[in-house]
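Student: I'll drop the sequence and a predicted model, then ask my questions.
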Amino acid sequence: EAENGLDNAAASYRISELAAIEPDPKSVSDWSVERTFTVTAYDGKKRTYIYSPTVAETVPTGTVTLLTQEQVDAFEATGVVKIEGNLVIGSDNADAEPIENLDGLNGLTSVEGDVKILNSYAGADLSGLSALERVGSLYIGNLTSGFTSKELLTVELLSLKEVLGNLVVNAPFVKSVSLPAMEYAGGVLKISSGSLEKLDLSALKGQVQDLILEHVKGGTGSTLSELSLNALQECNNLSVQGFTAIESISAPRLAYASNLLFSATSGKLKTTRFDALETISGTLSLDGFPELEGLGGFPSLQSVAGSMLFSNLPAFKGIAAATSLAKLNNVTFTVCANIDELDFSGITFLGGQISLDKETLAHEPQLIGPDKFNGSIFLDPVNNKAVTAVHLKGFREISGDFYINRGNRIEHMVFPSIEYVGG
């Protein structure tokens, strides 16, 4: 047929002078179908040959740009299932023709480069990419600029298994992101929305460079109440910022992370579950969760080499629930006014600092330390009249500084064991 390039094709062949072939290839006009040829030798012996046409797969190698709905629709007729280069859908020009659907791409299974969906895409979902299994990177918006269309509500790619680079959904009005088959993302996985209600990353296993979940302005309000990353094993940085409705965050198989950064303003986070996490090489930060009481969700955590930062946690009772904790560097408590005791006696410090601000000190927690403490202590009551006493137990030797900033209103300073301060 014409699309197979066999119109007016002619065959060339060679047989011995006394042999015959049926049918005669010169009489064949349609070479797009399978045919059988019989060759009869001079002695009458016959041999059968089968001609079977195959169509070479068309694989674009450059950048495929689809600017209009007509171009998207026409893509289906090309039969392309794989693109070696990039795929750009739509335009960021304000007067660009809107693209309403991606149905013409329903046979596409792989894009080795970037898939970029630009602002003139006005569809409500990405159902036309339902067969897509593998991409180099996928961008709806980018790392710094959001997707402006208010029409796109659902990002559902049920077949997508592998993203070699970045996956970015920076779209304030997207309500649902569902990637249930995606096992691997090699770069930054960033989802920024102001309307998020559903997130499915249930198959994601690991080697994620940065997993960033960010609430942004401009949406209808996010009601996402749970973040479950139950298959995740490796992640460099895990950051959840601004989602006030999230009540639980779980990654029970995550064994290593550089940084865990969770924050919100009056967030509802109550429970965390990181059963397998043993080491954080950077920072663990919890900020703005009035109902979070402790670190019971980190039963295996042994070491935080950077900093532990606890801020605006009025129900927080300290770190005692992290029963395996053995090595720390820096620990800071800011506005954590429900702590009775901070026991560091079984923890080796790496030369960093324990810091408590005036609101935390107002509850007059007792600090318990090892006999030899390799670090510094910084207490910052700032003349707060509610801070009337400071209690330290242990800490016979402090290798660094022991500093109380503006403690004029303190009536009782109780630290009977201190013999030496190196700073």
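Tutor: Cool, the structure landed.
Student: Please make it C-alpha for all contacts and neighbour counts, starting now.
Tutor: Fine.
Student: okay, and for this structure, where does confidence drop off?
Tutor: Residues of the chain that meet the criterion pLDDT under 70 lie in 1-7, 54-59, 61.
Student: the longest helix in it is where?
Tutor: In the chain, with assignment by DSSP state H, the single longest helix is helix 69-75.
Student: C-terminal to it, what's the next element?
Tutor: strand 82-83 (DSSP states H and E).
Student: gap between residue 365 and residue 253?
Tutor: Distance, residue 365 to residue 253, by CA to CA, to the nearest Å: 34 Å.
Student: Show me the helices in the chain, by range?
Tutor: Going by DSSP H, the chain shows helices at 69-75, 358-361.
Student: Spatially nearest residue to residue 67 (excluding sequence neighbours)?
Tutor: residue 90 (4.5 Å; CA to CA, 6 or more residues apart in numbering).
Student: Now for that neighbour: which residues touch it?
Tutor: 65-68, 96, 98-99, 117-121 (CA atoms under 8 Å, 6 or more residues apart in numbering).
Student: Just give me the closest of those residues to residue 321.
Tutor: residue 117 (45.5 Å; CA to CA).
Student: Verify the contact between that closest one and residue 140 for me.
Tutor: Yes - between residue 117 and residue 140 there is a contact under CA atoms under 8 Å: 5.1 Å.
Student: So residue 143 versus residue 226, what's the distance?
Tutor: Distance of residue 143 to residue 226, computed by CA to CA: 24 Å.
Student: again with residue 116
Tutor: Taken as CA to CA, the span from residue 116 to residue 226 is 29 Å.
Student: Write down the beta-bridge partners of residue 38, one by one.
Tutor: In this entry, residue 38 is beta-bridged to residue 22, residue 48, by DSSP bridges.
Student: who's in contact with it?
Tutor: Contacts of residue 38 were listed using CA under 8 Å, 6+ apart, and they are 21-23, 46-49.
Student: could you show me where the strands are in the stretch 201-350 of the chain, in order?
Tutor: 208-215, 226-228, 235-241, 248-250, 256-257, 259-263, 271-273, 279-280, 283-287, 303-311, 327-334, 341-343, 348-349 (DSSP state E, counting those that start in this stretch).
Student: who wins for proximity to residue 382 among the ones you listed?
Tutor: strand 327-334 (12.9 Å).
Student: mind checking how far that closest one is from the chain centre?
Tutor: 27 Å (CA atoms, centre = their mean, to the nearest Å).
Student: just stretch 182-196 next, same as before
Tutor: With CA atoms, centre = their mean, you get 4 Å for stretch 182-196.
Student: I'd like to know which of the contacts of residue 90 is nearest to residue 219.
Tutor: Of all the contacts of residue 90, the one with the least separation from residue 219 (CA to CA) is residue 119, at 16.0 Å.
Student: For residue 407, give me its contacts.
Tutor: For residue 407, the contact set (CA under 8 Å, 6+ apart) comprises 380-384.
Student: List buried residues within those.
Tutor: The neighbour count (16 or more other CA atoms under 10 Å) marks 380-382, 384 as buried among the contacts of residue 407.
Student: thinking again about what came up before, among residue 365 and residue 253, which residue is more densely surrounded?
Tutor: The residue with more neighbours, out of residue 365 and residue 253, is residue 365; 21 against 18, by other CA atoms under 10 Å.
Student: re the thing from before, from the buried ones among the contacts of residue 407, pick the one nearest residue 396.
Tutor: Of all those, residue 396 sits closest to residue 380, with 21.0 Å by CA to CA.
Student: Can you name the residues that contact that closest one?
Tutor: Applying CA under 8 Å, 6+ apart to residue 380 gives the contacts 355-358, 361, 404-407.
Student: before we move on, the earlier item: need the buried ones among the contacts of residue 407 in TSV with distance to residue 272, can you?
Tutor: Formatted as TSV, the buried ones among the contacts of residue 407 follow (distance: CA to CA, whole Å):
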residue	distance to residue 272
380	29
381	30
382	33
384	33
